[in-house]
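Undergrad: The following comprises the amino acid sequence and a computationally predicted model.
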Amino acid sequence: MQNNVHVIDHPLVQHKLSLMRNKEASTNSFRRLLNELSMLMAYEVTRDVPMQEVDIETPMEQARVKVIDGKKLVFVSILRAGTGILDGMLSVVPGARVGHIGLYRDPKTLTAVEYYFKMPEKMAERDVIVVDPMLATGNSAIAAVERLKELSPKSIKFVCLLTCPEGVRAMQQSHPDVPIYTAAIDRELNDHGYILPGLGDAGDRMFGTK
């Protein structure tokens with residue numbers, strides 16, 4: 001099942017995730033931890049980003065050095081909770097372009113309903129990293145990736161804080177070509193589509209809403 005699932009088990013990532021799981025964590029600390037954790041995950045997710053050589057002047061001499069072309073990278077945030085991961089990743093790659101997909105989960109059917117879609121131009125030239133804190137039922141992630149594939153980007157990766165076997169299975173069945181990057185694969189989904197032990201509703205905890 002997990003041949004294209006990358007669990008980022010760096011001690012700092014795991015430590016911050018553990019602090020976020022605690023129900024006593026305040027909105028402020030949850031938001032701060034999400035930002036820090038996203039920055040750390042960005043290092044792993046962008047490990048194979050293409051580089052190009054440019055000529056610069058160091059204080060000593062002219063040199064040919066490697067840089068990434070941040071403009072060719074697009075972070076796509078699944079609203080609303082994806083915003084927290086987006087902010088952290090933009091701290092590390094400030095030149096990246098940003099797209100947004102608005103999806104909400106129908107409470108009766110748990111299926112994803114789209115209400116907003118805005119992407120940069122020339123997506124066929126760009127590598128896409130989709131961000132959403134939870135890969136639970138997988139419905140929102142599957143719908144988002146399906147929509148993005150219509151624009152034929154060069155590559156798509158999916159990044160989440162938490163997932164579960166059900167979410168991974170659903171995503172891999174629909175999009176086996178899209179690698180998943182996560183900080184943890186939790187035990188299971190409950191009857192309401194929430195991850196256990198999980199950390200609750202990431203959007204509510206980040207924005208202080210119920």
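TA: Cool, the structure landed. Here the structure is a predicted model, which means the values were calculated and not measured. Residues are numbered from 1 along each chain as shown.
Undergrad: From Gly198, how far off is Met206?
TA: 14 Å (CB to CB, to the nearest Å). Glycine gets a C-beta too; all of them are placed from N, C-alpha and C.
Undergrad: Pick out the residue nearest the middle of this structure.
TA: Val131 (2.3 Å; CA atoms, centre = their mean).
Undergrad: Can you say which helix or strand has the closest residue in space to that residue that isn't next to it in sequence in it?
TA: Closest residue in space to Val131, ignoring its immediate chain neighbours: Ile85 at 4.0 Å, by CB to CB, 6 or more residues apart in numbering. Ile85 is part of helix 82-92 when elements are defined by DSSP states H and E.
Undergrad: for that helix, which positions count as buried?
TA: 82-90, 92 (16 or more other CB atoms under 10 Å).
Undergrad: Same question for stretch 102-116.
TA: In stretch 102-116, counting by 16+ other CB under 10 Å, buried: 103, 112.
Undergrad: Would you mind listing the outside residues contacting that stretch?
TA: Stretch 102-116 is contacted from outside by 78-79, 100-101, 117, 137, 139-140, 142-144, 147, 193, using CB atoms under 8 Å, 6 or more residues apart in numbering.
Undergrad: got JSON lines for the buried residues of helix 82-92, with pLDDT and distance to Val5 too?
TA: Formatted as JSON lines, these follow (pLDDT from 0 to 100; distance: CB to CB, whole Å):
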{"residue": "Gly82", "pLDDT": "88", "distance to Val5": "19"}
{"residue": "Thr83", "pLDDT": "89", "distance to Val5": "24"}
{"residue": "Gly84", "pLDDT": "88", "distance to Val5": "21"}
{"residue": "Ile85", "pLDDT": "93", "distance to Val5": "17"}
{"residue": "Leu86", "pLDDT": "94", "distance to Val5": "21"}
{"residue": "Asp87", "pLDDT": "92", "distance to Val5": "24"}
{"residue": "Gly88", "pLDDT": "93", "distance to Val5": "21"}
{"residue": "Met89", "pLDDT": "94", "distance to Val5": "19"}
{"residue": "Leu90", "pLDDT": "94", "distance to Val5": "24"}
{"residue": "Val92", "pLDDT": "92", "distance to Val5": "22"}
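Undergrad: got TSV for those residues, with distance to Asp55 too?
TA: Converted to TSV, the buried residues of helix 82-92 look like this (distance: CB to CB, whole Å):
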residue	distance to Asp55
Gly82	37
Thr83	37
Gly84	38
Ile85	35
Leu86	33
Asp87	33
Gly88	32
Met89	28
Leu90	27
Val92	25
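Undergrad: any weak-confidence spans in the chain?
TA: Along the chain, the model assigns pLDDT under 70 to residues 1-2, 210.
Undergrad: just checking, what packs against the helix of greatest length in it?
TA: Longest helix in the chain, counting residues (DSSP state H): helix 27-45. Identification of packing neighbours for helix 27-45 by 3 or more CB pairs under 8 Å, 6 or more residues apart in numbering; DSSP states H and E yields helix 11-21, helix 82-92, strand 155-163, strand 180-185, helix 202-207.
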